[in-house]
Structure formats: C-alpha cells, structure tokens
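1. Predicted model follows, preceded by the sequence.
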Amino acid sequence: MNNHPVKILIVDDHPIVLAGVCALLSEDYPEACIETASGGEEALEKARNGVYDVFILDVELSDMTGIDLIRMLRCRYEDASFVFHTMHEEMWVVKRLMASGADAIVFKSDDVGELRCAVGKVLDGESYYSRRFEEYCTRYEQEVLPSARELEILRMLASGANSKEIADRIFLSVNTVEFHRKRLFRRLGVSNMAELMVEAMNRGLLLLENKC
C-alpha cells in the first residue's frame, strides 16, 4: 500500500475486543505497527500525531459515534481506509453504515475470517462487506427506490462509463462508486450489468433519469 510499514489504529471501548483484534492482526501482519484507542477523542489525538493506513472503528464509542469519528478522520486522512467492526445489526444502524462511506463493514458476530478478509482487501485498495451485512443491505434496498446519486451513476453506467471514469466525473472515490453500483444490483435484484440495464429500463429508471 505504501513504502512505510503498514500502520493500523483500532478504536473500540471494549478492552477485550481491542486486545483480540490487535492479536489477530499482529499474526497476519507481523511487520505492521498496530495501535489502539479506547475512544474517539483518543483516536483523534493519535491521528493528529501519527500517520495511519487503516482505521478499524466501532460504531458506538463512549464519547462519540463511529459515524461522527469517521467524518472527522477523513478530513485528515483522505487516502486512508476505514473499516467498521460493530455488534449493532439493527436496521437503522445498517442504514447509517451504508451511508457512512466506510471501505469495509464487518459485524462482530461474523466469523473472524471476515475481519481478516476486510483488512486485506482495504490494504489492496478494495472495499469489503461481510456476507451478513450484504444480506441486510439486500433486504433493505429492495424496499427503497434508488437515490438521486444512484440514478446519476446508473445513467453513466448505461452510457458505457466504468467506475474510474464515473469517480473522476463526480469527484468520488472508485470504492464509493463501486459501493453504489453494488447497491443498484441489490436494489434491482440483478447479478450483472446486462441484467441491470434491462431491469432499469423495465422499471423506467433510465427513462426517468434522462428526463431530468
């Protein structure tokens, strides 16, 4: 990812979780510098004095939410990767996580391999969402119409643009565009681009977007 050793900050207010995740990642990345913080303010203080490649955040911290923390950290670390690792599986939390812009999302109740996979993926510049999180997203998204941003991306996909081209045009990261593309797949119940275009036309979504 970078020339310097990988540096990871784990933020969680449960000491056992901090110790467990730190031990797990130390096995996978023995050369990495892995630090911990027990709250949002401590994480922000460390972020002011250090350089990190990956942040692993809980959603509910003792002094702020992980959603607020990721927004503040992104101001300093535009190129860092953010992984949410949470026990909260309520639909209202899932909806907030979907909108957070995180690069990876894993539940604490998931198999430990999911977190390992998530960290590996974001270090390679990719996004990752655990199987159970994807299932929650599918259930929610099939009940909701695509957003204005998703319709914009849908129109550009229909014109033949790829994720990199779309990201450059509308000033988003490629991972964010990919996340929206996957959401469109789930919303419309399709598995590939050809099916997406057919279903979007059948539902009048491309027609609606072209009229705007």
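-> In hand now; what should we look at? Numbering: from 1, shown residues only.
2. which stretches of the protein have low pLDDT?
-> By pLDDT under 70, the low-scoring segments of the chain are 1-3, 141-145, 207-212.
3. now the strands for it?
-> 7-11, 33-37, 54-57, 81-86, 104-107, 128-129 (DSSP state E).
4. got those strands as JSON lines, with mean neighbour count and distance to L18 columns?
-> In short, each C-beta sits where N, CA and C put it, glycine included. Listed next are those as JSON lines, based on neighbours: other CB atoms under 10 Å; distance: least, CB to CB, whole Å:
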{"stretch": "strand 7-11", "mean neighbour count": "23", "distance to L18": "6"}
{"stretch": "strand 33-37", "mean neighbour count": "18", "distance to L18": "5"}
{"stretch": "strand 54-57", "mean neighbour count": "26", "distance to L18": "10"}
{"stretch": "strand 81-86", "mean neighbour count": "24", "distance to L18": "11"}
{"stretch": "strand 104-107", "mean neighbour count": "26", "distance to L18": "16"}
{"stretch": "strand 128-129", "mean neighbour count": "22", "distance to L18": "21"}
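5. Redo those as a markdown table? Include distance to A43.
-> Compiled in a markdown table, the strands of the chain are given as follows (distance: least, CB to CB, whole Å):
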| stretch | distance to A43 |
| --- | --- |
| strand 7-11 | 5 |
| strand 33-37 | 4 |
| strand 54-57 | 7 |
| strand 81-86 | 11 |
| strand 104-107 | 17 |
| strand 128-129 | 21 |
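6. The ones you listed: which one's closest to L151?
-> strand 128-129 (21.7 Å; CB to CB).
7. what's in contact with the closest one?
-> D103, A104, I105, V106, C117, A118, K121, V122, C137 (CB atoms under 8 Å, 6 or more residues apart in numbering).
8. So which of the strands of the chain is nearest R186?
-> Closest among the strands of the chain, using CB to CB: strand 128-129, at 10.6 Å.
9. Quick check: the residue nearest to V190 when sequence neighbours are not counted vs A158, distance?
-> The shortest distance from V190 to any non-neighbouring residue, by CB to CB, 6 or more residues apart in numbering, is to L196 (4.8 Å). Distance, L196 to A158, by CB to CB, to the nearest Å: 9 Å.
10. The two: which has the busier surroundings?
-> Comparing L196 with A158 by other CB atoms under 10 Å, the one with more neighbours is L196, at 21 against 17.
11. does that one really touch R186, like I thought?
-> No. Using CB atoms under 8 Å, L196 is not in contact with R186, being 10.6 Å away.
12. what's around R149, how many residues?
-> 14.
13. quick one, what contacts the closest residue to it other than its chain neighbours?
-> Leaving aside its sequence neighbours, R149 sits nearest to H180 (CB to CB, 6+ apart; 6.5 Å). For H180, the contact set (CB under 8 Å, 6+ apart) comprises R149, E150, I153.
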